[in-house]
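Colleague: heads up, no residue letters with this:
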DNA sequence: ACATTACTTTTCAAAGC
DNA sequence: GCTTTAAAAAGTAATGT
């Protein structure tokens, strides 16, 4: 009774936003405890939140990238903490900065072992990248929803590239259909 | 106008020189790998196709040439591992793999995954093993692959373990280290694949 | 012979080289 | 292209005990 779609777990959410204010990252690095800033290495300042656990890349332009959160709610919560921290440093932050989800990474379990060689040919070599010498997963690019799925011999999969919460669910239902139609679901 | 002509001739000459360089590199690497002349010709065709489709822009000539040779070996059924190809190329293995995936996709080569059996004759003869061992190794690969053990595993490691197992079964024992050296994998990988394969064969 | 750590793949934004 | 950040999958490799 447990459908593969029920096994979906969001593992990472990437989102972008902006406070609508230029920042002096050198000063911010001194005022924010735990901030990592190596401009020679990377133009962004790295700031990590503990609860929820996430990492933010803060740029001179005031734009921010948040990554590592386990849900969209966690993204909002983590960014909320950062906005308040900045306000606490008397940096003006827009009232409700728009937060855009850029990528959602999910994992799931199809519940069956997969013959990746047969799958590579069945799904179509033109849409598949399977090079076990370089990586054990089969890479499948799906058009609708537009996501990339990594399939493993164990039947565990990774769905990435989606922007909507339901993209992973739609993709899992679709890939199960396609694999089943090929008679490759044990 | 005269300058434009000279520029065109210069570009044409440069392009011609680049092509000659790529083809001579393919020849040099193919010799070092000991692949037949037919494979070099297939590699040349793949390289020229990549050139015509403008796939070299933003990539090194040597990288595309090496990838074309790697692809040609696979297409002709006598694959070389990325490690082996990287040894005779001046391009890092990671770039060869990335470039191969790119030209393979863009040219629609649609090459099937490498079959571990295709490494058996070459690895076995390098170890001085008999036809009997080769046949046994081939059988082990077929049986364990049919039971789904091949998914996600490296073809060289899979072939190496089967050869090691076959050498034991045929009383022509080679050590894991000897097999690991010719296949360029670690003993740990041979041990792991070997355990799965003998179980699949019903031995234990 | 074990374990641990680390690297391979995919995705995405940010600013700049 | 590259740099950084995060996360999962499973295989392979290097290092440590």
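Modeller: Arrived safely, thanks for sending. On a predicted model such as this, the values are computed, not experimentally measured, just so you know.

Colleague: where does chain B dip in pLDDT?
Modeller: Scanning chain B for pLDDT under 70 picks out the ranges B:1, B:3, B:8, B:10-12.

Colleague: identify, by residue count, the longest helix of it.
Modeller: helix B:2-33 (DSSP state H).

Colleague: the helix or strand following that one near DNA strand D at all?
Modeller: Next along the chain after helix B:2-33, taking DSSP states H and E as the criterion, comes helix B:37-52. No. Helix B:37-52 stays clear of DNA strand D (C-beta under 7 Å from any atom of the strand), getting no nearer than 14.9 Å. (C-beta placed from N, C-alpha, C; glycine too.)

Colleague: now do the helices in the chain.
Modeller: Defaulting to chain A. Using DSSP H, helices in chain A cover A:25-31, A:72-88, A:116-123, A:167-181.

Colleague: wrong one, I was asking about chain B
Modeller: Under DSSP H, chain B gives helices at B:2-33, B:37-52, B:61-75, B:82-88, B:93-106, B:120-126, B:131-146, B:155-169, B:176-183, B:187-200.

Colleague: go through those and name the closest to chain A.
Modeller: Across the helices of chain B, chain A has its closest neighbour in helix B:93-106 (5.1 Å, C-beta to the nearest C-beta).

Colleague: just list what that closest one packs against, helices and strands only.
Modeller: Helix B:93-106 is packed against helix B:37-52, helix B:61-75, helix B:82-88, with contacts defined by 3 or more C-beta pairs under 8 Å, 6 or more residues apart in numbering or on different chains; DSSP states H and E.

Colleague: which of these is buried the deepest?
Modeller: Comparing those by mean neighbour count (mean count of other C-beta atoms under 10 Å in any protein chain shown), helix B:61-75 comes out on top with a mean of 25.

Colleague: what packs against that helix?
Modeller: Short answer (3+ C-beta pairs under 8 Å, 6+ apart): helix B:61-75 packs on helix B:2-33, helix B:37-52, helix B:82-88, helix B:93-106.

Colleague: contacting residues for residue B:92?
Modeller: residue B:86 (C-beta atoms under 8 Å, 6 or more residues apart in numbering or on different chains).

Colleague: DNA strand C versus that one, what's the distance?
Modeller: 10 Å (C-beta to the nearest atom of the strand, to the nearest Å).

Colleague: now do that residue against residue B:85, distance only.
Modeller: 11 Å (C-beta to C-beta, to the nearest Å).

Colleague: kindly report the same for residue B:190.
Modeller: Taken as C-beta to C-beta, the span from residue B:190 to residue B:85 is 21 Å.

Colleague: and residue A:44, by the same measure?
Modeller: 37 Å.

Colleague: please identify the most buried of the helices of chain A.
Modeller: helix A:116-123 (a mean of 20).

Colleague: what's that one packed up against?
Modeller: Here helix A:116-123 touches strand A:138-142, helix A:167-181, going by 3+ C-beta pairs under 8 Å, 6+ apart.

Colleague: same thing but at 10 Å, please
Modeller: strand A:128-129, strand A:138-142, strand A:147-151, helix A:167-181 (3 or more C-beta pairs under 10 Å, 6 or more residues apart in numbering or on different chains; DSSP states H and E).

Colleague: turn those into TSV, including distance to residue A:37 and mean pLDDT.
Modeller: Converted to TSV, those look like this (distance: least, C-beta to C-beta, whole Å; pLDDT from 0 to 100):
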stretch	distance to residue A:37	mean pLDDT
strand A:128-129	37	98
strand A:138-142	35	98
strand A:147-151	32	98
helix A:167-181	34	98
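
Colleague: out of these, nearest to DNA strand D?
Modeller: strand A:147-151 (5.2 Å; C-beta to the nearest atom of the strand).

Colleague: show me what the closest one is packed against.
Modeller: strand A:100-109, helix A:116-123, strand A:128-129, strand A:138-142, strand A:156-162, helix A:167-181.

Colleague: how does it look with 6 Å?
Modeller: Contact here means 3 or more C-beta pairs under 6 Å, 6 or more residues apart in numbering or on different chains; DSSP states H and E; on that basis strand A:147-151 packs against strand A:138-142, strand A:156-162, helix A:167-181.

Colleague: what sits up against the last one?
Modeller: Helix A:167-181 is touched from outside by A:4, A:5, A:8, A:106, A:108, A:142, A:145, A:147, A:149, A:159, A:162, A:185, with contacts defined as C-beta atoms under 6 Å, 6 or more residues apart in numbering or on different chains.

Colleague: also the second one?
Modeller: With C-beta under 6 Å, 6+ apart as the test, strand A:156-162 has contacts from A:104-109, A:147-151, A:168, A:171.
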